[in-house]
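*Asks:* Pasting the sequence and the predicted model now:
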Amino acid sequence: MRIHFVAIGGAAMHNLAIALHKKGYQVTGSDDDIFDPASSNLAKYGLLPETFGWYPDRISKDLDAVILGMHAREDNPELIRAKELGIRVFSYPEYLFDQTQDKTRVVIGGSHGKTTVTSMILFVLKKMQIDFDYMVGAQVEGFETMVGLSENSRIAVFEGDEYLTSPIDLRPKFHVYRPHIAVATGIAWDHINVFPTFENYVEQFRVFSEKIERNGKFIYFEEDDNLRTIASRLREDLTAIPYKAHPSHITEGKTWLETKYGDFPLHIFGKHNLQNIQAAHMVCRQLGISDKDFYTTISEFKGAAKRLQILNETDNCTIFQDFAHSPSKLKATVSAVKEQYPDRKLTACMELHTFSSLTADFLPQYKDSMKEADEAYVYFNPKTIEHKHLAAITPEQVAKAFGGTNIEIFTDSNLLIKKLLNRKYKKENLLMMSSGNFDGVNLKAFALEIL
């Protein structure tokens, strides 16, 4: 098979390219720019384009398919050429579905927790030596790539992102996969550039439930009012399976799962992760994994990259990195660290980086999301707002939106980093949260410098 990737440098795209290369396919690709880690990963397998740009002559009739990334535009010259030649064009979700049509598909959707739940399921399946296909939105311990495809597997586990499929396919990605087992972790408004109202956003999850294959399962967080409503209106052939946070307790700074087989210690913590564990548990049970095997295995799980990832620690300070950027993720992450370390002060920093977070109309959604932190710092770059063609926001607007008296706003990342470096961290944790990188800060090196 010969496959060409248009916009090969995307996170999911380059991982899919590597997965197909490992499967023995002949893979080529183009992009106008590629950054690390995609650049290094592609180079390792000889898949990095020799020159950047779009080259229609790379598209020929002997290609079996073209896979189109979200970074490309509708008028991309390679895409136009592929259409002229009648070559089949896929988005990466369409291609993953195409590759797994005869497999049991598990799709994890939700505004928060979907990467972690997916990672937990992958971790357990691998430990149980069960073969499977997968796509997950973060690096997971024991997995070289974020996408895996196999000829022999009978199961496929996909993280179900609700963002758009491709420039020429404006469906949410999780509408494409048609799961046999669907998970919905919760609904909290996001991506307002695509879903302008909360009602419109909720509707995408209702459609997701309608896409479940016949006699399938809908596993949902029962404390979410909107999910309860969706679950109550499922087709008659579908089975609704509710879940909530797994019973647990904290002893001397460690969280323990409470089960009929005894208590199992965890490397991870926080109420949101106890919800994630139970979602993964329900999926694994549907896949035939015993409860005892699940508990024994999940106790070894150390988390997905950038999900309360420990960057550095001493006896009285831990520095965490987290992907939290939406209001619900922010609140859950801050609460988790504060609950796990009640005797330590918490300094929490977050970067407004996404389209939604930098939009004035959306900012009020952040109210009280960092109130549990002892000190809260919020950073945004006005140039990022210009780049996204959004109306300017002011530090005063941001402070008012977040509320409380513990908030300080920064528009210069150098000043924020300088302030953090000048602090003395005794019985204090530091939490760095962003879907970006605070304008190029190497957070691992920064954490080593602090401690």
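*Replies:* Done, it's in.
*Asks:* Would you mind giving the domain segments of the chain?
*Replies:* When the chain is parsed with automatic domain parsing, its domains come out as 2-87, 95-298, 309-450.
*Asks:* Include mean neighbour count and mean pLDDT when you put these into TSV, please.
*Replies:* In this view, the C-beta of every residue, glycine as well, is placed from N, C-alpha and C. What follows is the domains of the chain, written out as TSV (neighbours: other Cβ atoms under 10 Å; pLDDT from 0 to 100):
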stretch	mean neighbour count	mean pLDDT
domain 2-87	18	96
domain 95-298	19	95
domain 309-450	18	94
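*Asks:* can you tell me which helix or strand residue 337 belongs to?
*Replies:* Using DSSP states H and E, residue 337 falls within helix 327-340.
*Asks:* Residues in contact with that helix: which ones?
*Replies:* Residues from elsewhere that reach helix 327-340 (Cβ atoms under 8 Å, 6 or more residues apart in numbering): 111-112, 186, 188, 250, 253, 255, 269-273, 308, 320, 322-324, 346, 348, 350, 365-370, 372-373, 429, 431, 433.
*Asks:* could you redo the last one with a cut-off of 7 Å?
*Replies:* Applying Cβ atoms under 7 Å, 6 or more residues apart in numbering, the contact partners of helix 327-340 are 111-112, 188, 250, 253, 269-272, 308, 320, 322, 324, 346, 348, 350, 365-366, 369-370, 372-373, 429, 431, 433.
*Asks:* What of stretch 157-173?
*Replies:* Here stretch 157-173 makes contact (Cβ under 7 Å, 6+ apart) with 68, 70, 72-74, 91, 93, 96, 105-109, 114-115, 118, 121-122, 132, 134-137, 174, 176-177, 191, 194, 204.
*Asks:* Counting only strands, which of these make the cut?
*Replies:* Here DSSP state E is the test, and these give 68, 91, 105, 106, 107, 108, 109, 134, 135 as lying in strands.
*Asks:* May I see those organised as a markdown table, with distance to residue 162 added?
*Replies:* Below are the ones in strands among the contacts of stretch 157-173 laid out as a markdown table (distance: Cβ to Cβ, whole Å):
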| residue | distance to residue 162 |
| --- | --- |
| 68 | 19 |
| 91 | 14 |
| 105 | 17 |
| 106 | 17 |
| 107 | 11 |
| 108 | 11 |
| 109 | 7 |
| 134 | 19 |
| 135 | 15 |
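*Asks:* Now for those residues: which two are most distant?
*Replies:* Pairwise distances across those (Cβ to Cβ) peak at 24.8 Å, for the pair 68 and 106.
*Asks:* in the protein, which spans are helices?
*Replies:* Secondary structure of the chain (DSSP state H): helices at 11-22, 38-44, 77-84, 92-99, 114-127, 198-210, 225-232, 271-286, 291-298, 327-340, 382-387, 395-402, 413-421, 443-450.
*Asks:* Check which helices and strands the longest one is in contact with.
*Replies:* Read it as helix 271-286. Secondary-structure packing of helix 271-286 (3 or more Cβ pairs under 7 Å, 6 or more residues apart in numbering; DSSP states H and E): helix 114-127, strand 181-184, strand 217-221, strand 239-243, helix 291-298, helix 327-340.
*Asks:* Which neighbouring residues are in contact with the closest residue to residue 430 other than its chain neighbours, exactly?
*Replies:* Leaving aside its chain neighbours, residue 430 sits nearest to residue 319 (4.6 Å; criterion: Cβ to Cβ, 6 or more residues apart in numbering). Contacts for residue 319 (Cβ under 7 Å, 6+ apart) come out as 311, 312, 313, 430, 447, 450, 451.
*Asks:* Keep only those of those residues that are in strands.
*Replies:* 311, 312, 313, 430.
*Asks:* Identify the residue spatially nearest to the first one, adjacent ones excluded.
*Replies:* So that's residue 311. The shortest distance from residue 311 to any non-neighbouring residue, by Cβ to Cβ, 6+ apart, is to residue 447 (3.6 Å).
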